[in-house]
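J.: predicted model and sequence below, questions to follow.
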Amino acid sequence: MFKKVIIPTLGLDMEGATIQRWLKSEGEAVTKDEPVLLVETDKASMEISAPADGVLRQILHGVGVFVPVTETVALIETSESAGPPAPAPDGVRASPAARRVARELGVDLSRVQGSGPQGRIQGEDVQRFVDSAVVLTAVVPSPPPEGPNLDLPGRLVPLSRKRRLTAERMAVSSATVARLTMNVEVDATEMIRWRSRVLPALQGGKGLRVTYNDLLVKVVAVALREHPYLNARWTEQGVYLVEPINVGVAVAVEDGLTVPVIRDADRKSLEQICAESAELVAKARGDRLSLADISGGTFTITNLGMYGIDSFTPIVNPPEAAILGVGQIAERGVGIEGQLALRPMMTLSLSFDHRILDGAPAAQFLQRVKQLLEEPYLLI
């Protein structure tokens with residue numbers, strides 16, 4: 001008998017995955033739960049394992065192909081199997097060699113006429129189809145390609161699945177979210193002093209290094225508990241106030257941006273947040289995040305301060321209600337009790353969905369975040 005290797009459903013919003021690499025070849029023995037291929041979803045890379053012991057008999061989709069959830073990507077012949085492989089789940093009767101050639105040349109096998117027994121498609125059938133297509137192309141000119149004018153010198157960088165999904169989500173955000181952004185200046189003097197005092201205590205024997213992002217996660221989580229409309233979602237029936245406070249922190253990776261999530265951040269100590277955040281960042285940069293690591297976010301923090309950016313306008317990530325942009329800490333002249341003084345200042349930019357809440361409650365939330373950063377001892 002044959003067992004199907006499928007793209008599993010690991011989330012309500014998961015549409016499918018793109019095949020990154022096959023870890024096993026056709027004809028190679030596999031064992032149950034052994035990884036056979038690596039795929040990329042819109043959120044993370046993950047391994048898909050064999051459902052049973054046997055031989056990887058047919059690979060149905062090649063590298064770079066996007067496959068919807070629950071669709072079969074390969075067939076494993078188990079020890080109980082007998083006879084030749086059954087027709088593939090796509091309804092096409094083709095030899096493994098034909099499928100391999102079709103993957104390499106980008107041929108749709110449903111368009112190929114087979115010459116083998118019972119119409120089975122052979123490798124030479126695929127090559128014959130390609131050759132005839134080349135001749136036809138030489139006779140009939142192709143229509144001009146759609147899209148932007150590419151007649152100037154340059155090179156086209158193909159979109160990764162992650163980059164394409166990010167672009168689509170941001171376009172949806174711009175088209176559907178009634179976005180408003182407000183900014184506030186934060187005096188980082190006490191935040192810097194407090195971190196310098198907490199850091200040695202956590203580093204002692206634990207190897208933890210508190211970052212400003214860790215403190216921001218804790219502060220934002222506390223403020224979200226007090227201002228639930230920033231931790232909400234828009235629906236046509238009303239505003240849905242989400243109970244868990246799961247704070248996502250944007251991390252730049254090689255092929256774009258990913259947002260690992262610290263769940264129940266309001267219930268965790270700074271030490272717990274620090275340890276969990278360090279682990280998630282390491283997994284993100286090593287392309288080892290699971291879907292569980294990046295799902296379920298209710299609010300996002302994006303920090304560009306390390307790049308010398310003072311302020312920017314972050315884009316809300318639907319279906320979340322808001323996102324907090326964080327700029328660099330830099331000395332600026334400020335008035336203090338009638339005197340001009342240099343202070344380490346930081347700009348926070350809050351973008352939020354105006355459909356869910358108005359400017360006043362959003363401003364109150366931002367003022368609470370400012371207060372807790374300027375007086376971090378209130379967190380104790």
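T.: Structure's in. What do you need?
J.: quick check: the residue in the chain sticking out farthest from the centre vs K370, distance?
T.: Most distant from the centre of the chain: G338, at 48.4 Å, with distances by Cα atoms, centre = their mean. In this view, G338 and K370 are 22 Å apart by Cβ to Cβ, to the nearest Å. C-betas here are computed from N, CA, C, even on glycine.
J.: helix/strand/coil for L180?
T.: In three-state terms, and counting by DSSP: H, G, I helix; E, B strand; the rest coil, L180 is strand.
J.: looking at this, G325 is in a helix?
T.: No: with three-state DSSP as the criterion, G325 is located in strand rather than a helix.
J.: residues near it, how many?
T.: By other Cβ atoms under 10 Å, 24 other residues sit near G325.
J.: repeat for A278
T.: With other Cβ under 10 Å as criterion, A278 counts 16.
J.: check L56 too.
T.: Neighbour number of L56 under other Cβ under 10 Å is 23.
J.: let me see the contact set for it.
T.: With contact set as Cβ atoms under 8 Å, 6 or more residues apart in numbering, L56 has these partners: K24, S25, E26, G27, E28, A29, V30, V36, A50, A74, L75, I76.
J.: looking at those residues, which is nearest G327?
T.: Of all the contacts of L56, V36 has the smallest distance to G327: 45.5 Å, by Cβ to Cβ.
J.: which residues of the stretch 251-380 of the chain fall in helices?
T.: Applying DSSP state H, counting those that start in this stretch to the stretch 251-380 of the chain gives helices spanning 270-285, 291-294, 359-374.
J.: same question for the stretch 101-250 of the chain.
T.: Remark: helices assigned in the stretch 101-250 of the chain by DSSP H, counting those that start in this stretch are 123-139, 161-176, 189-203, 212-226.
J.: just those: most buried one?
T.: Among those, helix 212-226 has the highest mean neighbour count (mean count of other Cβ atoms under 10 Å), at a mean of 22.
J.: could you check how far it is from the centre of its chain?
T.: 22 Å (Cα atoms, centre = their mean, to the nearest Å).
J.: stretch 184-200 too?
T.: Relative to its chain's centre, stretch 184-200 lies at 31 Å (Cα atoms, centre = their mean).
J.: name the strands paired with the longest strand along the chain and say parallel or antiparallel.
T.: In the chain, assigned by DSSP state E, the strand with the most residues is strand 339-353. Strand 339-353 has the following sheet partners, assigned by DSSP bridges: strand 179-187 (antiparallel), strand 322-326 (antiparallel), strand 330-336 (antiparallel).
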